[in-house]
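**Student:** Make a model of this:
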Amino acid sequence: MKIGIIFAMEEELNAFLSKVNFDNKTEIYKADFYECKYKELELVLVLSGIGKVNAARTTQLLIDKYNPRYILNVGVAGAVDKKLKLLDIVVADNLLQHDFDITVFDHEKGYIPGVGTKIECDKNLLEIAKKTNKVHIGLVASGDIFVTDDMMGAKINRKFKALCVEMEGAAIAQVCFLSNIPFLAIKCISDTVLKENNNLTYNEFLEKSSDKIASYLIKILNILD
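**Tutor:** Numbering: from 1, shown residues only. Predicted structure coming up:
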């Protein structure tokens, strides 16, 4: 079974590469795809880069070239829900783009024509993720802004009931939805936008959160194998 795994940052990718057998690296339009093996699974890892455009473009390349059975997006995120702590794992049941706004046309914030407001993750993958560890299940909000303002974070939490924010997941989910590829997003909390020292905690916990989510991903792959 072939599984595509998308990372936004090198730290996230490298943490997982250290846990699998690397076979081949292919460059496609300046994106590097790493073909790896874990037990009986064929894995294709790719670094998307930061932001929704980079994420969507990389996802489509992954689908067109490798046709994976599943696509997983793993990485770090910032908490906007007070119950989350640093290094907690969040598994998305739904994702949305908090900065997509056509409310002038009488649509709710985040609504995308032909897609809707929320994009649901694959139920089977979600059930597998629930079995592996203690995790938080809920909505992940994506946008092309690194949210550091606590008022903005609180607004996103209040309006969408989002657990955390990041910059890629909902775009990847949208491409998977349109391509009919089962998808799941898994995030580790590296910082919180509800504190004034957001940038400090992000830099401090990026490596730790990348390592933790890599270990968590291995648990999921053990069930899929």
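**Student:** what ranges do the strands span in the chain?
**Tutor:** Taking DSSP state E, the strands of the chain run over residues 2-7, 21-28, 31-38, 41-47, 70-79, 89-97, 119-120, 136-142, 162-166, 183-192.
**Student:** Any buried residues in the third one, and which?
**Tutor:** Going by neighbour count (16 or more other Cβ atoms under 10 Å), the buried part of strand 31-38 is 31, 33, 34, 35, 36, 38. Just so you know, the C-beta spots here come from the backbone N, C-alpha and C atoms, and that holds for glycine as well.
**Student:** Please render the strands of the chain as CSV that adds distance to residue 209 and mean pLDDT to the earlier fields.
**Tutor:** Output for those, formatted as CSV (distance: least, Cβ to Cβ, whole Å; pLDDT from 0 to 100):
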stretch, distance to residue 209, mean pLDDT
strand 2-7, 12, 96
strand 21-28, 22, 90
strand 31-38, 21, 94
strand 41-47, 17, 96
strand 70-79, 5, 94
strand 89-97, 9, 97
strand 119-120, 24, 97
strand 136-142, 14, 97
strand 162-166, 11, 96
strand 183-192, 4, 90
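**Student:** what's the pLDDT at residue 11?
**Tutor:** Per-residue pLDDT puts residue 11 at 87.
**Student:** Kindly apply the preceding question to residue 200 instead.
**Tutor:** So, for residue 200, pLDDT stands at 49.
**Student:** got it, and residue 61?
**Tutor:** 98.
**Student:** That one and residue 104: what is the separation?
**Tutor:** Going from residue 61 to residue 104 by Cβ to Cβ, to the nearest Å gives 33 Å.
**Student:** Contacts only, for the closest residue to residue 138 other than its chain neighbours.
**Tutor:** Among residues not flanking residue 138 along the chain, residue 163 sits closest, at 4.1 Å (Cβ to Cβ, 6 or more residues apart in numbering). If a contact means Cβ atoms under 8 Å, 6 or more residues apart in numbering, then residue 163 has 79, 80, 81, 84, 90, 136, 138, 139, 140, 157 as its contacts.
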